[in-house]
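1. how would this look folded up:
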Amino acid sequence: MTAYDVGSGAIVRAADPFYSKDANVILLTVDDVEFRVHKYLIKLAAPALAALIDFAPYRTSSSSSWTQRRLVELPQTSNVLDAFLRFIYPVEEPSLGLDDIATLLELANRYSASGVTARMRPHLLLPEHLETDPTTVYALASYAGFKNVAYTAARRTLAHQPPAQLAGVRLLHGTALARLLQYRKSCTSAAEGVVRVRDALPSWIQMRWRRFCFLSKCGTCTGERKQLVWHKALHGYVSVSHYWLEYMGGVQMALRDRLDPNVARDPALVQLAIEAGLKCCSRCASKIYWDMDEFSKILKEAIDEALSSVKLEDGETYGAGQTQAPTRKRYFLPSFEYT
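-> Down below sits the predicted model:
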């Protein structure tokens, strides 16, 4: 955003192109910066702001009547108004931080500038915003009515701990906050449904994966094993290695802190399972590295598919979007096949 040198008490001219000689309107900011702009552009892009112009007094800069311009005093600062106008005029867009985007969304809502609101979408999707502060991106997208952006940001929040003060996130209204918390709760249930192992093998595990040493009994394994119910097996159960159960339990615990499919590929968890497996069976030693590496990839994709199946409920928007009644979605466990 453009920074103006203000504070001297004198009227400061705005930067180009907002001090045009053929402009017919003066917008005066709260910090005494004068923007000379064109009413027809303002009318097209921000009708509510244009309506203020019609009731503003004229200011004459000379004895010639053609130099008369309406003067509108605005409560915004020069930096904010400059950025707002750069999304109305056909000029290069400025770089924006999330605070800048929030300010412009509020201003666009105030002045009915739907075009300015729409041009915030690609700025919200910038990787530096999604990666560093997805919760704020979600809040702003919900406020603006960008459903796809809100979902993308909500998904990115899963890999982060929720902010200590969610209610303090700018423009995060109560309904949007409730939807985000419910989404996270549903994602937690979906992910745990993939990795939870109690008395039965998870139903998404395919019969062809019996080739993995921890899902088959070679006859020479001396490690501890446990029988689990598995309706896909001939006798209705399967014997699995204890180190694999500990690996699945470790992934489940890690997901509670970081709801990220990459947890399944955590080198610490995979290596721990490999080391335990090497102690169990000399015959399977040549396979254990490949088996755990391959299964961790499969598990990562299973978790990712489960999370992707969780939908963010539609709800109220507070900016330019339309209000819709909430709908409830269900998630489904993975149904994919691997060779």
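
2. all strands for this protein, in order.
-> Taking DSSP state E to define them, one finds strands in the chain at 12-13, 25-28, 33-37, 58-59, 69-73, 225-229, 237-241.

3. Distance to Thr152 added to those, as TSV?
-> For the C-beta atoms, the positions are set from N, CA and C on the backbone; glycine is no exception. Shown next, in TSV, are those (distance: least, CB to CB, whole Å):
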stretch	distance to Thr152
strand 12-13	40
strand 25-28	35
strand 33-37	35
strand 58-59	47
strand 69-73	38
strand 225-229	37
strand 237-241	37
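
4. And the most centrally placed residue in the chain, how close does it get to Gln161?
-> In the chain, the centroid-proximal residue (CA atoms, centre = their mean) is Ala153; its distance is 0.9 Å. Distance from Ala153 to Gln161, counting by CB to CB, to the nearest Å: 15 Å.

5. Quick one: end-to-end distance for stretch 110-125.
-> 23 Å (CA to CA, to the nearest Å).

6. again with stretch 255-265
-> End-to-end distance (CA to CA), stretch 255-265: 12 Å.

7. now for the strands of the chain, which one comes closest to Ser114?
-> Across the strands of the chain, Ser114 has its closest neighbour in strand 33-37 (18.7 Å, CB to CB).

8. Please name every helix or strand in contact with the closest one.
-> strand 12-13, strand 25-28, helix 78-85 (3 or more CB pairs under 8 Å, 6 or more residues apart in numbering; DSSP states H and E).

9. repeat that for 10 Å
-> strand 12-13, strand 25-28, strand 69-73, helix 78-85 (3 or more CB pairs under 10 Å, 6 or more residues apart in numbering; DSSP states H and E).

10. contacts for it?
-> Residues outside strand 33-37 that contact it (CB atoms under 10 Å, 6 or more residues apart in numbering): 2, 4-6, 11-15, 17-29, 49, 53, 59, 69, 71-72, 74, 76-79, 81-82, 84-85, 88-89.

11. now swap in stretch 223-240 and tell me
-> With CB under 10 Å, 6+ apart, stretch 223-240 has contacts from 197-203, 205-207, 210, 212, 214-217, 221, 241-245, 248, 276-281, 284.

12. So which residues of the stretch 1-150 of the chain form helices?
-> Secondary structure of the stretch 1-150 of the chain (DSSP state H, counting those that start in this stretch): helices at 39-45, 47-54, 78-85, 98-110, 114-118, 121-124, 127-132, 134-144, 147-157.

13. picking up where we left off before, TSV for the strands of the chain, including mean pLDDT?
-> Formatted as TSV, these follow (pLDDT from 0 to 100):
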stretch	mean pLDDT
strand 12-13	89
strand 25-28	94
strand 33-37	94
strand 58-59	78
strand 69-73	91
strand 225-229	88
strand 237-241	87
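
14. Save those as a markdown table, and put in distance to Thr175 and mean neighbour count too.
-> A markdown table is the format used below for these (distance: least, CB to CB, whole Å; neighbours: other CB atoms under 10 Å):
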| stretch | distance to Thr175 | mean neighbour count |
| --- | --- | --- |
| strand 12-13 | 42 | 14 |
| strand 25-28 | 34 | 22 |
| strand 33-37 | 36 | 22 |
| strand 58-59 | 44 | 12 |
| strand 69-73 | 34 | 17 |
| strand 225-229 | 42 | 14 |
| strand 237-241 | 44 | 20 |
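
15. For Glu131, which of these is the nearest?
-> strand 33-37 (34.5 Å).

16. who's in contact with Leu272?
-> With CB under 10 Å, 6+ apart, Leu272 has these contacts: 243, 246-247, 250, 266, 292.

17. So which of those residues are in helices?
-> Among the contacts of Leu272, the ones falling in helices (DSSP state H) are 243, 246-247, 250, 292.

18. Between those residues, which sits nearest Phe146?
-> Of the ones in helices among the contacts of Leu272, the one sitting nearest to Phe146 (CB to CB) turns out to be Gly250, at 37.1 Å.

19. How about the closest one, nearest residue that isn't a chain neighbour?
-> Leu269 (4.7 Å; CB to CB, 6 or more residues apart in numbering).

20. got the contact list for the one you found?
-> Leu269 neighbours (CB under 10 Å, 6+ apart): 246-251, 253-254, 263, 292, 296.

21. Mark which of the residues you listed are buried, thanks.
-> 247-248, 250-251, 254, 263, 292, 296 (16 or more other CB atoms under 10 Å).

22. and the lowest-mean-pLDDT helix or strand in the chain, which strands flank it?
-> The weakest-scoring helix or strand in the chain, judged by mean pLDDT, DSSP states H and E, is strand 58-59 (a mean of 78). Note on strand 58-59: by DSSP bridges, its sheet partners are strand 69-73 (antiparallel).

23. related to what we said a few turns ago, what's the spacing between the residue nearest to the centre of the chain and Leu180?
-> In terms of CB to CB, Ala153 sits 9 Å off from Leu180.

24. returning to that earlier point: put together TSV for the buried ones among the contacts of Leu269, with distance to Asp99 on each row.
-> Compiled in TSV, these are given as follows (distance: CB to CB, whole Å):
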residue	distance to Asp99
Tyr247	43
Met248	42
Gly250	39
Val251	37
Ala254	33
Val263	32
Met292	45
Ser296	40
